[in-house]
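**Q** Sharing a model prediction with you, sequence too.
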Amino acid sequence: MRRKFSKKIMSMGMAAVLSVSLLFGCQSGQKKETKKTYVYQNPEASTEERVKDLMGRMTIKEKIAQMIMAERNVADGGADYKAVKQYGLGAVLSGGGSAPTSGNTAKDWSEEINNYKKAAAESKYGIPILYGVDSVHGNSNVYGTTIFPHQIGLGATGDADLVEKIGRTTASETRAVGSNYAFSPVLGVAYDEHWGRFYECFGENADLVSELGTAYVNGLQGRKDAEDFLSERHVLCSVKHFVGEGQVEQGENQGNVEMDPKEFETLLRNEIIKPYVAAIEAGAQTLMVSYNSINGVNCHENKELITNYLKGELGFQGMVISDYDGVEHCKSDDYKVQLMECVNAGVDMLMEPLDWQKCYYNLIALVNEGKVSEERINDAVSKILTVKFNAGLFEEEINGKAEQEQLEQVGCEEHRTLARNAVSKSLTLLKNDKVKGGKTAIQSLADAKKIAVMGEAADDIGTQCGGWTISWNGDKGETTIGTTILKGFREVAPDKEFEYVDSAEEAAKDVDAVIIVAGESPYSESVGDTGANGLFLDYEGKTMVEETKAKYGKDIPIILMLVTGRPLTVSEEMNRIDALVCAWLPGTECAGIADVLFGDKEFVGRTPVTWPVTAYDISDKFTDESLVMFPYGTGLKKDGSSIK
């Protein structure tokens, strides 16, 4: 039914997709109206009635404050509790690596976020804040939470039910600390591995992204027809980034989509809009604008795209939010002009983390000068307030029972078991040759007694989690709690001896197999942008493969495992290894890898992207089959047969 409806939207150029409504309004330190005698304070009144009543009480300054999302990091210019109460700010966020001064545990976060929520409750109208975090693969900025595979790994599972459960668990661990808003999922359709955000996408196929993106939305928010939709055990989601980020030239983050306008419109309507339409139908409450430009026009200032197409033709009535400092991506060099263009284009909430005061006062000036209409402000704030009413935030008990119960479950065994299962299902076998005895390389592991394991990534939590983990770019080392690949091997197969060495030279001659773990160091966004040379196996990985082959020849199986957010060039290594396993960026629960290699679980993962022969073939891999090493959907079983 969903695909049929989506097709109708595309063909007719119109859509009553879903009336999602939105958010809020309030301002400075005036005396709070405490008695619940007004319509907006009555939970029995309709959302429309409550929004109308509250809007009628607010000044233009109070409404503008509701349009602003500030960072919590006061030291760098963010907003403290006092500012939230005084100005009546609409939202607060914590960016990657931003953490309470008291510590980075779930308890520390709960105390801090709930203090912000209390400050909002004490503001003039008691309008609750949205508190946003980048829960892109679990509540990943918080120490000790459950970290799931990044979306590229979930794409390899192709399992919508699993993805919905992960969304639900992520929502629980996010809501547990008080946050009610997750900047997730990414619905970009990834074409180019040069791009540093490639791993944040489910894959290159719009139908796959639609299916799994919708499942993630259902998990985060709850299903829109269910009783627990937007309950205190869920969070608001922000589907992102609208639109075309996966199609930028040379995979440049925040780059430009250079394409004939008619060609782009065809691509938009027939492919890359599909995931957003599906997410809106599923009840997605908010949508985040992308940093990229389309033929030189940045998405943040693209009124044709946001107001005319998204809000008009597609009928999206939810809240549109800018990306971090998105205002500054508009073409003008004048901040005030940038702000005017962004708001007039249709952006409702402005994520201006450290420039929130500049944003506030400049937007007031723009309204006073008639350059941004009060009608546009009212439109934005009514959407913001509608989202807040829809989510029940006005009735939410701060630090209530539901949050306390979930706080006790952060990082619990049940959640980690789910993540471990996701790791198993994401594991993708791309090569599996037969070795001595007629068994495949992977099958031979069952009989192996002594196995050499090498590669820094084999025993490093930070590497296997990748970016957006504890800090913005992630980091190597013991950044959080979890099970490394090596530890998982030893846990699942205690009868085997795993010799962890730095090189083939150090490995014993009498081992029965070698597993080399190599790949990428953690990165995020533009930090991960790279040319073709950066997409080859690194020197350490190449050396380990070469030396291992030279030492053991065909005597024992040599297995190369990649920990990576995107396809890497391994064409030179293919004739030196017997099996190639892609673990993607699996997160904290890597015993799931051992469950497949040494346990009873079978490989079920299939590559959600086309894997080129070399990184120099990326631009032509969709049009020339000879440049493809592993086609989209490739995946093998332990016996070497293809997964159907």
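**A** Nice, thanks for sending it over.

**Q** CA only for contacts and neighbour counts going forward, please
**A** Noted.

**Q** just checking, Cys330 touches Glu341?
**A** Yes: counting by C-alpha atoms under 8 Å, Glu341 is a contact partner of Cys330 at 7.3 Å.

**Q** what do these two both touch?
**A** Here Cys330 and Glu341 share the contacting residues 300-301, scored by C-alpha atoms under 8 Å, 6 or more residues apart in numbering.

**Q** Report the contact partners of the residue nearest the centre of the chain.
**A** Compute the mean C-alpha point of the chain, and by C-alpha atoms, centre = their mean the closest residue is Val136, 3.2 Å away. For Val136, the contacting residues are 150, 182-185, 200, 468, by C-alpha under 8 Å, 6+ apart.

**Q** Out of the residues you listed, which is nearest to Asp624?
**A** Proximity of the contacts of Val136 to Asp624 (C-alpha to C-alpha) peaks at Glu200, which lies at 25.9 Å.

**Q** and the nearest residue to that closest one once chain neighbours are set aside, how many neighbours does it have?
**A** Leaving aside its sequence neighbours, Glu200 sits nearest to Gln151 (C-alpha to C-alpha, 6 or more residues apart in numbering; 5.2 Å). Other residues lying near Gln151 total 29 when counted by other C-alpha atoms under 10 Å.

**Q** Who are the contact partners of Gln151?
**A** Counting by C-alpha under 8 Å, 6+ apart, Gln151 makes contact with 137, 199-202.

**Q** Check Val163 too.
**A** The contact partners of Val163, by C-alpha under 8 Å, 6+ apart, come to 154, 212, 215-216, 219.

**Q** Can you name the helix or strand that it falls in?
**A** Using DSSP states H and E, Val163 falls within helix 160-175.

**Q** returning to that earlier point: max pairwise distance over the contacts of Val163: which two?
**A** With C-alpha to C-alpha as the measure, no two of those lie farther apart than Leu154 and Gly219, at 13.8 Å.

**Q** quick one: which of the two has more around it?
**A** A direct count of neighbours by other C-alpha under 10 Å for Leu154 and Gly219 places Leu154 higher, at 32 against 26.

**Q** in a helix, that's where the more buried one is, yeah?
**A** Yes: judged by DSSP: H, G, I helix; E, B strand; the rest coil, Leu154 forms part of a helix.

**Q** Verify the contact between it and Ala422 for me.
**A** Yes: at 7.3 Å, Leu154 counts as touching Ala422 under the criterion of C-alpha under 8 Å.

**Q** where do the strands sit along the stretch 51-200 of the chain?
**A** Ranges of strands in the stretch 51-200 of the chain, per DSSP state E, counting those that start in this stretch, are 68-71, 91-94, 130-133, 181-182.

**Q** for the stretch 251-400 of the chain, same thing?
**A** For the stretch 251-400 of the chain, the strands defined by DSSP E, counting those that start in this stretch cover 256-257, 286-289, 293-294, 297-298, 319-321, 350-351.

**Q** count of residues packed around Val545?
**A** Neighbour count of Val545, defined by other C-alpha under 10 Å: 27.

**Q** hmm, I was thinking of Cys359
**A** For Cys359, the count of nearby residues is 24 (other C-alpha under 10 Å).

**Q** Please give me every residue in contact with it.
**A** 68, 339, 352.

**Q** residue contacts, Asn421?
**A** The neighbours of Asn421, taking C-alpha under 8 Å, 6+ apart as the test, are Gly592.

**Q** measure it to Asp460 for me?
**A** 20 Å (C-alpha to C-alpha, to the nearest Å).

**Q** State the phi and psi torsions of the nearest residue in space to Thr634 that is not next to it in sequence.
**A** Once flanking residues are discounted, Thr634 sits nearest to Arg606: 5.1 Å by C-alpha to C-alpha, 6+ apart. In terms of degrees, to the nearest 10, the main-chain angles of Arg606 are phi -130, psi 140.
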